[in-house]
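K.L.:
after the sequence you'll find the predicted model.
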Amino acid sequence: MLSVRGLTTEYAGRGGTVRAVADVSFDVPRGRFFTLLGPSGCGKTTTLRSIAGLERPAAGEISVESTVVFSAARGVFVPANRRGFGVVFQSYAIWPHMNVFRNVAFPLVAGPRRMSRAEVRDRVLRVLKTVALDDLADRDATKLSGGQQQRLALARALVMEPKLLLLDEPLSNLDAKLRERMRFELKRLQRELRVTTVYVTHDQSEALALSHEIGVMSGGRLVQVGTPRSIYARPANPFVADFVGTTNFLRGEVRGFDADGARVRVESEIGSVAATPSEDLGVGDRVVLTARPEDVELAETPLAGVNAWPGSVEQKVYLGESIDFRVRVCDRVLLARAHPRLATKIGEPLHVRIAPESLLALKSDGG
Amino acid sequence: MRALVVGVSIALVAWLALVPLGFMLWQSAHAPAGAAEATRFTLDHYRAAYSSRDTAWLLGNSLQFAAGAALVAFTLGTLLAFVNERTDAPFKRLFFALSLVPLVIPGVLFVVAWMLLGSPRIGLVNVALRALFGTDHVFVNVYTLAGMAFVDGLHYSPMAFLMMSAAFRAMDPALEEAALTSGASLRAVFAQITFRLAWPAAFATILILFVRALESFEVPALLGLPGGIPVLTSAIFAAVHRYPANVGLASAYAVALLAIASAGLWFQSRLLARGERHATVTGKGFRARPIELGRWRMPVATLCIVYFLLLIGLPFLVLLWSSFQTFYAVPSRAALAHLTLEPYRFVLGFPAIARATLNSVVLAIGTATVIMLLTAVVCWVVVRTRGRGRALVDQMASLPMVVPGLVVGLALMVFYLHVDIGVYGTLWILLIAYVTRFLPYGMRYNAASMLGIHRELEESAATSGASWWATFRHIVLPLLAPGLVAGWLYIVIVSIRELSSSILLYGPRTEVLSIVIFEMWENGQYVELSALGVLMIGALLALALVAQRLTGRLGVGAA
C-alpha cells in the first residue's frame, strides 16, 4: 500500500550537506500499523515528514496505492495539501482560535472539494463520536485536557477518511498513566478502522505494544524491520538489542558450531558458552552475546546443564512486580530479573543459567 | 498565490527601504542638472559641508546634545526602573502607568510646554523661583545645550525606564541570592552582581538613547535654532527650508547623521549578541524579593513624584493654563480673571485644523493597516522559510530603524521630485514616509507573535488540504491577531505624533496635526497651540487606554 524506496534527505549543515535519512526503504501493507522506532536524531521524524509532504527528500520514491507522491528521478512532488494523508503532530497542533468542531471541520472545508454544510456536520460528529469527544463539540479547543487534545488531533486527522494516517510521537506529551490508556485506545481505533498507519516513536514499549511491524532506525538508516516479537527476541545487531529493551552484553569469539548449525560455541568473558547464532558467523569471528534480564535464570542452589555459573549478589533493586539482581559472575556483572519472592541478600551466593536459545550471538559492530 | 503575495510584499519592502535612500546617497555626490550641463559626479557638497569650521562646531553640538540627552534619560529611567522592579516603594503600579504617558505625548507639544516652563524671561519655573527668592536671577534656561539635553532626555526617559525594567526583570534572582548566601553584603551584591549583570543591557540602552537623541528633531528645531545652537538635524532642516534650498548640503549632513546612527546601532547589536553569551534570562518564575527601603520609603516616593511632576504634571498644567487665555500670560490673580474658552473655539472652528485632523487620522490608520499586513507576510518569510535570502529581507525591513525621520523625509522628497509619479505634495508621499519609518515596528510586533506560533499549526493545515493562502488567512492571521492589533494601535499613535519626516513633505492641503502645531509655534499662536495640544493629548490618551484594554483582552483569548 505505502511503499518507500531509497528515501534520502539532506539539509545544509555546517561544512556541507548532512544526510538526515539515508537510503530508507520499506513497505506497509493496507490496514497495517507500522512503527518507525529509534533514538532522537535517527531520522524517523524526517522520514514521516517526507511521507506527509512536509519535507522534500533529495532522492528516492514514495508511492501510495500505485500513486506516486514523490519521485526524485521523475521530478514528482505532490505538496502536502494535495496528498490527503491524516497527520497527528507531536504538539497536536490544535488551532487555538477555533473550537473543537471547527478544528475537525477544517480539513473538510479547507480543501478544494466542496461539501454541503449538513454533510460536514454529519462527518465531524461521526468522527468525534469515534474518539468520544462528541459532547464537547462546542468547547474551546484550548479548554481541553491533554488526553482530549490528543483525541481531537486524531479526529481531525481521521475526518478526511485518509488512505494513510501518520503519527509523530503523539503520546510523548502525556503523563505516564494517560499514555498507557491512550495506547490501548489508539490500538483499538486503528484495528477497528483498519486505516494504514505509520507511527513514529522513541519509546520501545509503545512500539512493541501497538505495531504489526517495527522498523528500527539509527543514524538515518533502517537497521531492522520485523514484527515486535522478532525485533525483541531476535535483534539483528547489538544496537537493536540495546535500544529495544534492556539487555546483557558479553564479548567473545566463535570457536565452532554443532552438527546442524543451530548452536555456536563461543569463548566469552565468562568462559565457554553455547549460544544461538543470529547470522552467518564463521569460526574466529568476534561476536557480542546478548541475553534479556528475564531470560537469566536465578537459583540459590546450583543449576544443572549448559551455560550455568555460580555467582554472588552485588546489588538488587526491588521494583514491586519484579526484582532486579546484579550478579557477579567471574569478572562480569549480569543483570537478571526475577520474581520478587527471591530474597537472596547482598553478598550471598546465587547461581545463574542462560538457556542457549535465549543467548544470541551477534556479529560485533567492530571495536 | 504564495509566490505572488510573497513576491509583491518583498518587492514593496525593498522599494521602500532601499530606493529613496540609495538615490539620496547618489544625489549627495552629484551636482544638480542645469540647462547647460547634465548631472555630474562631484564631492562639492561634502567639501562645503565638511570643510567649514562651522561643521566641526555642528558635529560637536550634535554629539554633546545626544550624549547629554542620553545620560539624562538613562539616569532617570534606570533609577525609576530600579525603584520599581527591586524595591518596596509605594505607588509602583501608578508609576508604571504614568511612565507610559510621555510615549503618547507628541514631542512638539512637550517641547513647547517646556518652553513655557523654562524660558529665561517668561518661563514659569524662573518666575516662581524669582518670586520666592526676590531676585531677577535666571534659574533655568532651556535655550542652552544643557537645557536642550535636559528636555530631550526627560521626554525619552520612559524609554530607558522600559528597557532597564526589562533588563532587571530578566535577571535570575538566584544569581543574587547565591551571592547573598555566600556572605556578601547587600551593597556588595548590587555592586558586584546586579550592576555587573545589567551592564551589557545598560550600555545597549545608552547607545539606543544616544542614537535616538541624535535623530531628535523637535528639541533642536524649537529650542536649538532660536538659541543659536544648531545640530545636524536642525542644520538639515535649515538647509532645505531656506531659499534657495540646498538639498545637496542637506544630503551631505544626512549622510553624516546616517553614518553615526548606523555605527551606534551596529555597535549596540554586537553588544547585545555578546551579552547573550552570558545571558541572564533563565525563564524561572521567581521574582527577586524586593529590597525594603524602610525609612527611605517616603523620600524615594517623593523623588519619583517630583520626577513625574516634571515629566507630565507641569508640562500639562502649563498647556492647560495657557489654553484658557486670550494672550499668553504668566499665572497671576489678574490673569485668572481673564480666563476664556476662546482658544478652544478657535481650534474647533478653524477649517485648516479640521482638515489636518482628518489627514492625520487617515494617514495613521492607513499606515498602521498597510504596515501590519505587509509585515505579517514578510515576517512569515523570515521566520518560516529557510531560503538564504530571508536574512537579507529581515535586514531590509529593519533598515529604516537606522534612518532618522528627517533623512527619510529628505530622501523621499529628493526621490519623488525627480521620479515624478504624482505623489509629491499629496498625502501619498506622507503615507510612504510613515510606512517606511514605522516598518521596523511592524516587523517587531509580528515577528514576536510569529515565533510564538508553533510550526505544526501551519503544517497541520497543509496536511488538512489547505493551500498556502488558505492557511495564511485562516490560521496564521487569526493567530497573529493580538500582535496585529497591538502593533496597529502603536503605529497609529506614533503616526499621529510624527513630525520630523512630515516637516519636509507636507504640502498646502496636506498638513497634519503635528505640522499645524509647529506652524502655530512659528506664528507665536501659543494659546491656540495649547488648546489644540490639550485636546490632542486627551484623544491620544483615550486611544492608548483602549489599546491597553483591547490587547489585554485579546492576549487572554489566544493561547
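P.N.:
Sure thing, it's come through.
K.L.:
low-scoring stretches of chain B, by residue?
P.N.:
Applying pLDDT under 70 to chain B flags residues B:31-40, B:49, B:172-174, B:183, B:272, B:274-289, B:550-559.
K.L.:
identify each buried residue in whichever helix or strand B:Leu348 is part of, please.
P.N.:
If you go by DSSP states H and E, B:Leu348 is part of helix B:342-349. Using 16 or more other CB atoms under 10 Å in any protein chain shown as the test for burial, helix B:342-349 gives B:342-344, B:347. The way it works is simple: take the backbone N, C-alpha and C, and place the C-beta from them, glycine included.
K.L.:
which helices and strands sit right next to the helix or strand following it?
P.N.:
For helix B:342-349, the succeeding helix or strand toward the C-terminus, using DSSP H and E, is helix B:351-384. Under the contact definition 3 or more CB pairs under 8 Å, 6 or more residues apart in numbering or on different chains; DSSP states H and E, helix B:351-384 sits against helix B:2-28, helix B:390-398, helix B:427-451, helix B:477-497, helix B:513-523.
K.L.:
which stretch among those helices comes nearest chain A?
P.N.:
Closest to chain A of those is helix B:477-497 (CB to the nearest CB; 4.5 Å).
K.L.:
what's the angle between the closest one and helix B:513-523?
P.N.:
Counting by axes from the mean of the first three to the mean of the last three CA atoms, to 10 degrees, helix B:477-497 lies at 10 degrees to helix B:513-523.
K.L.:
so what's the nearest residue to B:Ala466 once chain neighbours are set aside up against?
P.N.:
Distances taken as CB to CB, 6 or more residues apart in numbering or on different chains place A:Ala110 nearest to B:Ala466, at 3.6 Å, with adjacent residues excluded. Residues near A:Ala110 by CB atoms under 8 Å, 6 or more residues apart in numbering or on different chains: B:461, B:464-467, B:470-471, B:474.
K.L.:
the same query, at a cut-off of 6 Å, please.
P.N.:
Listed by CB atoms under 6 Å, 6 or more residues apart in numbering or on different chains, the contact set of A:Ala110 reads B:464-466, B:470.
K.L.:
ok, and what's touching stretch B:442-460?
P.N.:
So stretch B:442-460 is contacted by A:54, A:89, A:91, A:93, B:371-372, B:375-376, B:379, B:383, B:397, B:471, B:475, B:479-480, B:483, B:487 (CB under 6 Å, 6+ apart).
K.L.:
what subset of the residues you listed is buried?
P.N.:
A:54, A:89, A:91, A:93, B:371-372, B:375-376, B:379, B:383, B:397, B:471, B:475, B:479-480, B:483, B:487.
K.L.:
residues in a beta bridge with A:Ala299, which ones?
P.N.:
Beta bridges link A:Ala299 to A:His351, judged by DSSP bridges.
K.L.:
show me what the helix holding B:Leu348 is packed against.
P.N.:
helix B:526-557 (3 or more CB pairs under 6 Å, 6 or more residues apart in numbering or on different chains; DSSP states H and E).
K.L.:
buried stuff in the helix it packs on?
P.N.:
Buried-residue list, helix B:526-557, by 16+ other CB under 10 Å: B:526-537, B:540, B:543-544, B:547, B:551.
K.L.:
that one packs against which elements?
P.N.:
The contact analysis (3+ CB pairs under 6 Å, 6+ apart) places helix B:526-557 against helix B:314-322, helix B:342-349, helix B:477-497, helix B:513-523.
K.L.:
closest to B:His137 out of those helices?
P.N.:
Among the helices and strands packed on helix B:526-557, the nearest to B:His137 by CB to CB is helix B:314-322 (19.8 Å).
K.L.:
return the alpha-carbon coordinates of the very next helix or strand once past that closest one using PDB.
P.N.:
Counting by DSSP H and E, the next helix or strand C-terminal to helix B:314-322 is helix B:333-336. The C-alpha trace of helix B:333-336 is given here as PDB (Å, rounded to 0.1, in the frame of the first residue of the first chain):
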ATOM      1  CA  ARG B 333      -4.600  86.900  40.000                       C
ATOM      2  CA  ALA B 334      -5.100  89.300  37.200                       C
ATOM      3  CA  ALA B 335      -4.700  86.700  34.500                       C
ATOM      4  CA  LEU B 336      -7.000  84.400  36.400                       C
END
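K.L.:
helix, strand or coil: sort out the residue of chain B with the smallest separation from chain A for me.
P.N.:
Residue nearest to chain A within chain B: B:Gly465 (3.1 Å; CB to the nearest CB). Three-state assignment for B:Gly465 (DSSP: H, G, I helix; E, B strand; the rest coil): coil.
K.L.:
contacts only, for it.
P.N.:
A:81, A:107, A:110-111.
K.L.:
again with B:Ala69
P.N.:
B:149, B:152-153, B:213.
K.L.:
which one among these gets closest to A:Val266?
P.N.:
Closest to A:Val266, out of all of these and judged by CB to CB, is B:Ala213, at 80.7 Å.
K.L.:
count of neighbours near the residue of the stretch 201-350 of chain A found nearest chain B?
P.N.:
Closest to chain B within the stretch 201-350 of chain A is A:Thr201: 16.6 Å, counting by CB to the nearest CB. When counting by other CB atoms under 10 Å in any protein chain shown, one arrives at 23 neighbours for A:Thr201.
K.L.:
one more: the one 10 residues further on?
P.N.:
A:Ser211 has 24 neighbouring residues, counting by other CB under 10 Å.
K.L.:
tell me the confidence at it?
P.N.:
Per-residue pLDDT puts A:Ser211 at 95.
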